[in-house]
Structures are given as C-alpha cells and as structure tokens.
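[1] This is a predicted model, with the sequence first.
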Amino acid sequence: MPSSRTRFTAVLFTMPGKGGWTFAEVPARHAPPVQHGWGRTSVVATVNGTPWRTSVWRGRNGRTLLPVPKAVRGSLGHGDRVRVTLRFNL
C-alpha cells in the first residue's frame, strides 16, 4: 500500500474543561482520507521533530484533528505554533 506524507504548520488549541485534550487542526488540503470508523485514520505524526503512531479524526463539522499528547509537545500548549508531518497509507 503506498504511503503519503504531508507537512504543515498548525496552532495548538486545548479543548475546554478539566483534562481537556490539546490538538493541532489538520488543514483540509493536508487531511488524509478516512480509513476507519468514527472518521479515524491511522498516521505516523511528527510534531517539532518528535514522531509517534496515532490517529487523526474527522469530525462531523469537517475538521480533522490531531491529538498532541503532553509527552510530545513538552511545555507547548494552547496558542503555540508547531511544525507537523503526517505519514499515512493511501
């Protein structure tokens, strides 16, 4: 199965509420096709040079989100700009 790679810059945002997750929005032109239920696609993501296996999710509103865990983002958080690379299978 061929893979594709895309790169972009995103601004992190944190969902409100206790324990809110932090995400980077994937621009529509960089979003991989949905491959699994719940609008999910498995990817290898790299944020500011740190890679990990995860999934992006496409919501009903059409936005595709990459969850960025604390272990990856370090001291960065809401409002910080990051460099993102996504690698996924087509």
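    Yes, it's here.

[2] In contact with the most centrally placed residue in the chain, which residues are there?
    Central residue of the chain (CA atoms, centre = their mean): L66, 2.0 Å from the mean position. L66 makes contacts with 10, 23-26, 43, 45, 47, 54, 56, 84, 86, as judged by CB atoms under 8 Å, 6 or more residues apart in numbering. For the C-beta atoms, the positions are set from N, CA and C on the backbone; glycine is no exception.

[3] Who does it form a beta bridge with?
    A24 (DSSP bridges).

[4] And the strands in the protein?
    Applying DSSP state E to the chain gives strands spanning 3-14, 22-26, 40-47, 50-58, 64-67, 81-89.

[5] Dump the shortest one to PDB, restricted to CA.
    Coordinates of each C-alpha in strand 64-67 appear next as PDB, following Å, rounded to 0.1, in the frame of the first residue of the first chain:
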ATOM      1  CA  THR A  64      -9.600  16.900  11.000                       C
ATOM      2  CA  LEU A  65      -7.800  17.000  14.400                       C
ATOM      3  CA  LEU A  66      -4.500  15.500  15.500                       C
ATOM      4  CA  PRO A  67      -4.400  15.000  19.300                       C
END
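
[6] Redo the contacts of L66 as a markdown table? Include pLDDT, distance to A71 and neighbour count.
    Converted to a markdown table, the contacts of L66 look like this (pLDDT from 0 to 100; distance: CB to CB, whole Å; neighbours: other CB atoms under 10 Å):
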| residue | pLDDT | distance to A71 | neighbour count |
| --- | --- | --- | --- |
| A10 | 97 | 18 | 20 |
| F23 | 96 | 15 | 21 |
| A24 | 97 | 15 | 26 |
| E25 | 97 | 20 | 18 |
| V26 | 97 | 20 | 24 |
| V43 | 96 | 17 | 24 |
| A45 | 97 | 13 | 22 |
| V47 | 98 | 11 | 22 |
| T54 | 96 | 11 | 18 |
| V56 | 96 | 18 | 24 |
| V84 | 98 | 16 | 20 |
| L86 | 97 | 18 | 24 |
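
[7] Okay then, goodbye and thanks.
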